[in-house]
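S.K.: Predicted model and sequence follow; I will ask about them next.
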Amino acid sequence: MRILSRLLALALALSLVVGGVLVAVEIVLAEIGRDPWVIPYDQWYRSARVNAWSSPSTRQLALVLVAAGLLLLLLQLVRRRPTALPMERGASIHAADLNRRGIERSLVRVVNRVDGVASAKAKISNSRTRITASSNRRIPGDLEARVTRAAEERMAALKLASPPALSVRLQSPGSR
């Protein structure tokens, strides 16, 4: 979602820059007595003098602009996953953050070291850390508890200011 938002912002910024340059060129052309080059402002002016604010074409244009504005606003209001999580300050007056992806990779490494885990995935959102571990054992026994303990120990060692709640899901051939 963050990439989409940035691409839309880039496209909007570029279109505003290009539009501004075109308007400046059209103003210069109008001052030296030339016809419009790209922007048909003379036709737009005549249309604006003839059409009322209540005309269908004016309303449709207004609706499109309002919808585009609302879309951009909603994209900015969407809550995103954090890029970094703050660490405890302790006695220090300095603040430090840990990269979310780095924490996810660290959790995957720790969980993969647990005997019986074939693969693991970790995903940290605003309020939760989700770990999905896969095992090839038919009877996993206490594997989920050991994975949870390993992940909790790793999160505690990171000393995050407010660690997200941990949830562990184990997938094994016997649990399907």
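M.R.: Perfect, thanks for sending it.

S.K.: Any chance you could list what contacts the lowest-mean-pLDDT helix or strand in the chain?
M.R.: Here the helix or strand of the chain ranked lowest by mean pLDDT, DSSP states H and E is helix 41-50, holding a mean of 84. For helix 41-50, the surrounding residues in contact (C-beta atoms under 8 Å, 6 or more residues apart in numbering) are 26, 30, 35, 36. C-beta here means a position set from N, CA and C on the backbone, and glycine is covered the same way.

S.K.: buried subset of these?
M.R.: With neighbours counted by 16 or more other C-beta atoms under 10 Å, the contacts of helix 41-50 contain buried members at residue 26.

S.K.: Domain parsing of this structure, as residue ranges.
M.R.: Residue ranges for the domains of the chain, per automatic domain parsing: 2-77, 84-175.

S.K.: Return the most buried member of those.
M.R.: domain 84-175 (a mean of 15; mean count of other C-beta atoms under 10 Å).

S.K.: as a whole number, average confidence for that one?
M.R.: Averaging the model's pLDDT scores along domain 84-175 yields 90.

S.K.: closest to residue 156 among the contacts of helix 41-50?
M.R.: Among the contacts of helix 41-50, residue 26 lies closest to residue 156 (C-beta to C-beta), at 63.9 Å.

S.K.: What segments of this structure are helices?
M.R.: For the chain, helices defined by DSSP state H occupy the ranges 2-31, 41-50, 56-77, 100-112, 143-158.

S.K.: Determine how far stretch 11-24 lies from the middle of the whole chain.
M.R.: Chain-centre distance of stretch 11-24: 26 Å, with C-alpha atoms, centre = their mean, to the nearest Å.

S.K.: before we move on, back to that, pipe the contacts of helix 41-50 into TSV and attach distance to residue 48 per row.
M.R.: As requested, these are arranged in TSV below (distance: C-beta to C-beta, whole Å):
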residue	distance to residue 48
26	16
30	16
35	19
36	15
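
S.K.: Which single one of the contacts of helix 41-50 is nearest to residue 113?
M.R.: residue 26 (65.9 Å).

S.K.: how far away is the residue in the chain sticking out farthest from the centre from residue 161?
M.R.: Note on the chain: the largest C-alpha distance from the chain mean falls to residue 33, namely 48.6 Å (C-alpha atoms, centre = their mean). Residue 33 is 66 Å from residue 161, where distance means C-beta to C-beta, to the nearest Å.

S.K.: How about residue 64?
M.R.: Distance, residue 64 to residue 161, by C-beta to C-beta: 45 Å.
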